[in-house]
Each structure stands twice: as C-alpha cells, then as structure tokens.
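Undergrad: This is a predicted model, with the sequence first.
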Amino acid sequence: MRDILSCALKSLARKRMRTFLTMGSITIGVTMVVIVSLISTAGKTAVNSELENLGISGLSISTNASVGTEGESGLSEENLNLIRSTSNVDSAMPLMIEYSTSTLRDLQSSTLVCGIDAGAKQAISLNLVHGRLISKGDVKSASMICVVDETLAKAAYGRTNITGKTIQLQVGGTQEEFEIVGIAEAGSSLLQSLGEFIPGMVYIPYSTLQAITGRNNFDQVAVRVSAGADVSLTENMLLSRLERSTDTEGYFRTDNLATQRDRLGNLLDIVSLVLTVISGISLVVSGLGIMTIMLVSVSERTREIGVKKAIGASRGRILWEFLVEAVVISLLGSLVGILIGGGVGLVGAYLFQLSIPVVWTDFVYLILFSVLLGALFGVYPAVKASKLRPVDALRQE
C-alpha cells in the first residue's frame, strides 16, 4: 500500500496545476458547507440566547375572564402561593402590567410599567446593567423606586448609567415620582415578547403598583420549571390544582413558552439542514470534476498502464493507484476547505460577537463524506484503467 500511495502522489505531482484546480473544487465545496453550517449554528445559538433573555424557558399563567360578573379577573395571592407550592416549580413571580406615560428629564414617552417581585432576575431573566434590582424590602414597604431599561436611559441622557435620577410615571390616573435604582438591559424581559415592541420599560415593586392602582390581583405569573422536570406535566398539574382550588373550569390559561421555543428550534434546524444540503450540492459537482480529470488522466497514461501491466502489475494494483489518487485529492481538498471555512467562520463570529459551539465530529464526518464522494467518482476511471489490455495500451501513441 505504501508503494501505491507513493506512485499516486508522484502522478499527482506531475500535473500540479491540474491537481490544485481539482482540489480547489473540493475545497470550495467543503468551505461552503462549513460556512453555511457555522452561520446556521451561530444563528440558532443567538436566537436561543435571545429567547432565554426574554424569559422564554418556562410557563406563563394568566386568566381568560372574570369568574363572575362582579369578580376581579387575574390571579390572587392564594393562587400565587399554590403555584409556588407545586412540585417541579423552581420559582414563580407575579406580574402586573400598566400602560403609562413617563417623563424622564424632558423626554415624554409611552412606557410599559411592570409590577414585579423580588428575585425577578431568576424568574424572567432580567439582566442588570447598572445599580440593583428590586429587593424584598422594596416589595414589603411598597417603595417608590424603579428599574428602567437602557432604552429610556439612552434616549433621555445619552448614557445608560442614570441611577439616582428620578422619573415621573402617570399610573392609575395620578402622576407619581420614582427613584431609579437600577438599569436593565433592553429586551431582556419576558414582557418584551408580549404584543408589539415596547420602546421603554419600567419595573416597580408589584406592591407599589397595587397601592397606586387599587388592584389586588396579578395579570399573570411567570413560572420557571425546575431543571430536568417535564414542563408539560407541570403545566397540567398547575392547571388542575388551580381549577380545583377555585372550583372553576376554563378560567386559568397557561402558555408553554418552552414548547414554543423548542418548536422554533426545530424550525431553525430544518432551515439549517436545507441550507447545508444546498451547499453540499457543490460537493457533488466537485465529485464529477474528479471523475472527469481522472478519465483524462487514464487517457494520458495509457502507455504507462500498458508498461506496468507488461512487467507484471495486476489489475488490482492499477485500480488502487487511480482510486488512491482520487481519494488523496478529496482528502487534501476537504482539509483545506475546513481550514478556510472554519477560519472565515471564526473571524465572522469575532467581528459580530457571536458564539459558535464547534462540534469537531461534524468536521470529521464532512471529511469522511468528501473522501467517500471522491472514491465513488474515482471508481469508474480506476476500473477503466485496470481493464486496459497491455497490448492495446502499448499500441497507443
């Protein structure tokens, strides 16, 4: 086998330019597959990260309508305690929502005021940029403090760190002043996924919002399910317990956000697969190029094949020489393609600050596929060369 490999390499070296061009076709095909694969992976990772930042990893519980004509819609404190006591529930946070007009410095804008509990960071993935989040003491004392997102801060002051400033909020028909104790990353809350895009959000203790508006119930409860727990089973368990405790049916509604995230992930996988297959077509075209070049090589080396057979070379040896040439071209081309594609992908990830999880086994499978493709398209020229009769080959000019 060493002699066969040596002969194959010498034959490829004699026609360097043609060998490089043939390798180049394989390199381009593999590079395209690698780049498309990395882009798809980076895109899926970025989308999943955004969904995690939006808090889309658990359940959202709300109500469909009031229990009675005089009842108050929404979830009560008793409902919240029942949810928190349910097995597989890691954390549950009440949410109250009020549309408001805010005045920050001299800037007036439409704002979504969110009444939240302490520990919102764990429940809805609220990412803090500056200052602090709402504490248990703030909730207990119904403090007039708030956390604003950086969209409002930048619009009013041109910077993100504005802790210590005050903001005026029109809530419940009255103008209230709140001290800003923290700045949250824009778009990092579950509530940003509700309805149309909200330019600015303000988070205050839910007890403060209850005191201002006179409301006792919550609009919804964000539930984070324990790691490894069955989200659908927990969803059914929560609905069953809530309906039994209130003796109602169809009143409570749950949104399985984890399932929606998984469905979107599956859709992204399908898109990624389609793009990879489309880019992989170029590899098949490259395989046809290998077959064409090998057939030309057989025609050019007919006398050489005749001489080798005349001095005792077997059909198997001739077949393996040409087959190894095709495999070597595919192997070298795929290795160069992975290096180029991987390099382009890493540079792109660095420039756009994306995270790309690299799965090395995928590269190994791509190399094996390229080599197998080269071998398949190299079989026919190799068989043709091995079947040449020494007399006919030596007669060739």
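TA: That came through, no problem. Numbers count the residues shown, from 1 in each chain.
Undergrad: use CA for all of it now, contacts and neighbours both
TA: OK.
Undergrad: Can you tell me the SS state at the nearest residue to residue 143 once chain neighbours are set aside?
TA: Excluding the flanking residues, the one nearest residue 143 by CA to CA, 6 or more residues apart in numbering is residue 208, at 6.4 Å. On the three-state scheme (DSSP: H, G, I helix; E, B strand; the rest coil), residue 208 is labelled helix.
Undergrad: Just give the number of residues close to residue 208.
TA: The number of residues packed near residue 208 is 21, by other CA atoms under 10 Å.
Undergrad: if I pick it, what's in contact with it?
TA: Going by CA atoms under 8 Å, 6 or more residues apart in numbering, residue 208 touches 115, 139, 142, 143, 144.
Undergrad: hmm, 10 Å instead?
TA: 115, 116, 138, 139, 140, 141, 142, 143, 144, 145, 146, 214 (CA atoms under 10 Å, 6 or more residues apart in numbering).
Undergrad: so of these, which ones are in strands?
TA: 115, 116, 145, 146 (DSSP state E).
Undergrad: Kindly write the PyMOL command that selects the buried subset of the contacts of residue 208.
TA: In PyMOL, a selection of the buried entries from the contacts of residue 208 looks like this (16 or more other CA atoms under 10 Å):
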select buried, resi 115+116+138+139+142+143+144+145+146
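Undergrad: any idea which of the contacts of residue 208 is the one closest to residue 318?
TA: When the contacts of residue 208 are compared for distance to residue 318 (CA to CA), residue 116 wins out at 77.2 Å.
Undergrad: Now for the closest one: which residues touch it?
TA: Contacts of residue 116 (CA under 10 Å, 6+ apart): 93-97, 123-124, 134, 139, 203-209, 218, 221.
Undergrad: Kindly recompute the last result at 6 Å.
TA: Residues in contact with residue 116, defined by CA atoms under 6 Å, 6 or more residues apart in numbering, are 95, 205, 206.
Undergrad: Give the buried subset of the residues you listed as a PyMOL selection command.
TA: To isolate the buried members of those in PyMOL, using 16+ other CA under 10 Å:
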select buried, resi 95+205+206
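Undergrad: Now render the contacts of residue 116 as TSV, adding pLDDT.
TA: Converted to TSV, the contacts of residue 116 look like this (pLDDT from 0 to 100):
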residue	pLDDT
95	88
205	94
206	93
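Undergrad: so where's the protein shaky on pLDDT?
TA: Scanning the chain with the threshold set as pLDDT under 70 gives 48-57, 65-72, 120-125, 187-199, 257-261, 392-397.
Undergrad: Spell out the residue ranges of the strands in it.
TA: 59-63, 89-104, 107-116, 128-131, 145-149, 166-171, 174-184, 201-205, 220-225, 252-256.
Undergrad: out of these, which comes closest to residue 242?
TA: When the strands of the chain are compared by CA to CA, strand 252-256 sits nearest residue 242, at 7.4 Å.
Undergrad: mind checking how far the nearest residue to residue 96 once chain neighbours are set aside is from residue 171?
TA: Once flanking residues are discounted, residue 96 sits nearest to residue 115: 4.6 Å by CA to CA, 6+ apart. Remark: distance between residue 115 and residue 171 (CA to CA, to the nearest Å) = 11 Å.
Undergrad: Summarise which helices and strands the longest helix along the chain is packed against.
TA: Scanning the chain for the helix with the most residues, using DSSP state H, yields helix 257-300. Helices and strands touching helix 257-300, by 3 or more CA pairs under 6 Å, 6 or more residues apart in numbering; DSSP states H and E, are helix 16-53, helix 360-386.
Undergrad: Residue 110: which of the ones you listed is closest?
TA: helix 16-53 (22.7 Å).
Undergrad: in the closest one, what's buried?
TA: In helix 16-53, counting by 16+ other CA under 10 Å, buried: 19-20, 22-45, 47-48, 51-53.
Undergrad: repeat for stretch 209-222
TA: Buried, per 16+ other CA under 10 Å, within stretch 209-222: 209, 210, 216, 217, 218, 219, 220, 221, 222.
Undergrad: Quick one: end-to-end length of it, please.
TA: End-to-end span of stretch 209-222 (CA to CA): 17 Å.
Undergrad: Report the distance from that stretch to the chain centre.
TA: The chain centroid and the centroid of stretch 209-222 are separated by 35 Å under CA atoms, centre = their mean, to the nearest Å.
Undergrad: Distance check, the residue nearest to the spatial centre of the chain against residue 37.
TA: Most central in the chain under CA atoms, centre = their mean is residue 44, positioned 1.9 Å from the mean C-alpha point. Computed as CA to CA, the residue 44 to residue 37 distance reads 11 Å.
Undergrad: just residue 385 next, same as before
TA: 38 Å.
Undergrad: With residue 211 instead?
TA: 53 Å.
Undergrad: next one: residue 27
TA: Counting by CA to CA, the gap from residue 27 to residue 37 is 15 Å.
Undergrad: okay, now residue 182: neighbour count?
TA: Count around residue 182 with other CA under 10 Å applied: 25.
Undergrad: and the residue lying closest to it once chain neighbours are set aside, how many neighbours?
TA: Closest residue in space to residue 182, ignoring its immediate chain neighbours: residue 131 at 4.1 Å, by CA to CA, 6+ apart. Residue 131 has 15 neighbouring residues, counting by other CA under 10 Å.
Undergrad: ditto for the one 4 residues further on
TA: Using other CA under 10 Å as the criterion, residue 135 is surrounded by 14 other residues.
Undergrad: Contact partners for it?
TA: residue 118.
Undergrad: 10 Å - rerun?
TA: Taking CA under 10 Å, 6+ apart, we find residue 135 in contact with 117, 118, 119, 120, 143, 205.
Undergrad: pretty sure the fifth one contacts residue 179?
TA: Right, the one you point to is residue 143. Yes. Between residue 143 and residue 179 there is a contact at 9.3 Å, judged by CA atoms under 10 Å.
Undergrad: Can you give me the domain boundaries for this structure?
TA: As recorded under automatic domain parsing, the domains making up the chain are 2-50+262-395, 65-250.
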